[in-house]
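Q: Take this sequence and fold it.
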Amino acid sequence: MTELAEEVLKLVIAMLVGGIIGAERELRDKSAGFRTILLITVGSTLFTIFSLGIGVETNPTRIAANIVTGIGFLGAGAILREGHRVTGLTTAATIWLAAALGMGIGAGKFALVGIATGLTLVVLWVFPSLENWLDRTRETVTYEIALPAQSPRRKTLQETLESHGIRIYHHREIKTGDTVVITLRTTGRMENHRRLLETLLQDPEIIEVKY
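A: All right, here's what the predicted structure looks like:
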């Protein structure tokens, strides 16, 4: 096989690998979808080919190192903060991994890339079910509860949460006029949070609940 044919083969494999992973991201409607992941994989492959080609006169690892740096900036753009939650970390990690697969293809590590692609698909397809189960087992929720400043309910609020199987790991109270706003950061099972919310909403002493 000529050098050009081998390099073309690498680009075709990069398109296949990037397309498979990108299709999974597209089906889940992620910000980095089919074309994005595919282009990242092909681009990383091409940069690696160039790096090895011009490495006769220069250090062949310099371009590869800059791929990692550049992909870091691209992945950071996929990470968003929404209130107390951070989203896009899995998408950013997938971008980073797609670049690594492209570099492996460019270096001719086809078997290792094939194994890594298979493991990646297992993580993206199978592990979400496990992650959802873990989320249902232990969910972190922040409550903001407004009470009259003189309400005796302030002293029994913690007992109410504990009786519903909710653990408090941060407690803050702010008084404004005749109202006290209690902020509670908690962990517990999702069904326990739902039952607690119903209890709080039915409590006549509570002015407002933010969940």
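Q: Ramachandran angles for the residue nearest to Arg153 when sequence neighbours are not counted?
A: On the basis of CB to CB, 6 or more residues apart in numbering, the spatially nearest residue to Arg153 that is not a chain neighbour turns out to be Glu205, at 4.2 Å. For the C-beta atoms, the positions are set from N, CA and C on the backbone; glycine is no exception. Backbone torsions for Glu205, taken as degrees, to the nearest 10, come to phi -80, psi -20.
Q: Report the contact partners of Glu205.
A: Counting by CB atoms under 8 Å, 6 or more residues apart in numbering, Glu205 makes contact with Leu147, Pro148, Ser151, Arg153.
Q: how about 10 Å then?
A: Ile145, Leu147, Pro148, Ser151, Pro152, Arg153, Arg154, Thr156, Leu157 (CB atoms under 10 Å, 6 or more residues apart in numbering).
Q: where in the protein is pLDDT low?
A: Of all residues in the chain, those with pLDDT under 70 make up the ranges 1, 54-64, 81-86, 134-137.
Q: domain ranges for it?
A: According to the domain assignment given by automatic domain parsing, the chain is divided into the following structural domains: 3-125, 138-210.
Q: distance between the ends of the first one?
A: Yep, that's domain 3-125 we're talking about. 36 Å (CA to CA, to the nearest Å).
Q: How far off centre is it?
A: The chain centroid and the centroid of domain 3-125 are separated by 17 Å under CA atoms, centre = their mean, to the nearest Å.
Q: so where do the helices sit in this structure?
A: 3-27, 34-53, 61-76, 89-106, 110-125, 127-137, 153-163, 190-201 (DSSP state H).
Q: Quick check: Lys14 touching Ile20?
A: Quick fix: residue 14 reads Ala, not Lys. No: shown here, Ala14 and Ile20 do not form a contact pair, counting by CB atoms under 10 Å, at 11.0 Å.
Q: Quick check: neighbours shared by the two?
A: Leu38, Thr41.
Q: The two - which one has more neighbours?
A: Between Ala14 and Ile20, counted using other CB atoms under 10 Å, the more crowded position is Ala14 (29 against 17).
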